[in-house]
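K.L.:
Fold the following.
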Amino acid sequence: AQTARNDGTVPDVFGDSWQTVRTEGKWSGERINRKKSGEPYWELATISSINNADDLTTHYLVELEEITRRKETERELTESRTELQHNHAALHSLFNQVAASKMEWESTMDCIGDMVILVTGDGKIKRCNKAVREFSALPYQEILGAPWREFLNLHGLNLPQELSQGCEINHDSSGRWFFCTSYPYTDNQQNQKSGFVLTMHDFTRRKTVGDELESAYRELKSTQAKIVQQEKMASIGQLAAGVAHEIN
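P.N.:
Next comes the predicted model:
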């Protein structure tokens, strides 16, 4: 710290700060100064006015503190904060993209008429589409985590133990027919089987049409057999009539 008398003989290196000291009695600010070697450094300057009651003169106390290290730390903190904000914005954007992709995929699965259930390795329902929720009349959160076989049995779908080849099951209460198939689900990170995907395709209309066609086919065969029999009887009758005529 040093004292200076601002009588015009001291260089006014602090510019307009002297006017602030005269009016307010004190001034403080940061500035860049240079060492004798020319190397710049930051310093905190504080100027205070001191009134001498004896000779009614005013002196000024100038305090200089080097704050280069502090300014460097502030700069590093500012850069780190800016980088963190940038990374946070990028991460937030990535999360939004993932959420949008997840919502898009779920919306796509909800457009499928087949029931689709993702089952974990321990037999719990991890995900399902809208068709499953509508069939069970349960909200999504009540379905998640439920044992898949117990869940289906509860709603009248009794599946056999082996599903890899597919099977047909009938839902008694609604009369609907489903073709069920399971596909192994593999974790891409661990490359290990971690569950399976169960699909249930409603083919009630196709089965109904098939049964109607089969019934019509059986009826047609029966009618054809009757016509053939009638033709045989007619032929025998004509033959008998011809023989009787020759005998006569």
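K.L.:
SS state for residue 33?
P.N.:
strand (DSSP: H, G, I helix; E, B strand; the rest coil).
K.L.:
show me the contacts for it.
P.N.:
40-43, 64 (Cβ atoms under 8 Å, 6 or more residues apart in numbering). To be clear about C-beta, it is placed using only N, CA and C from the backbone, and glycine gets the same treatment.
K.L.:
From the residues you listed, which land in strands?
P.N.:
Using DSSP state E, the subset of the contacts of residue 33 located in strands is 40-43, 64.
K.L.:
any idea which of the residues you listed is the one closest to residue 27?
P.N.:
Residue 27 lies nearest to residue 64 out of the ones in strands among the contacts of residue 33, by Cβ to Cβ, at 12.9 Å.
K.L.:
and that closest one, what are its bridge partners?
P.N.:
residue 45 (DSSP bridges).
K.L.:
before we move on, what about residue 198?
P.N.:
With DSSP bridges as the rule, residue 198 is bridged to residue 117, residue 182.
K.L.:
ok, now how distant is it from residue 246?
P.N.:
To residue 246, residue 198 is 76 Å away according to Cβ to Cβ, to the nearest Å.
K.L.:
more neighbours, the two?
P.N.:
Ranked by neighbour count (other Cβ atoms under 10 Å), residue 198 and residue 246 place residue 198 first, with 23 against 7.
K.L.:
need the contact list for that one.
P.N.:
With Cβ under 8 Å, 6+ apart, residue 198 has these contacts: 116-117, 119, 148, 163, 180-182.
K.L.:
Can you say which of these are buried?
P.N.:
116-117, 119, 148, 180-182 (16 or more other Cβ atoms under 10 Å).
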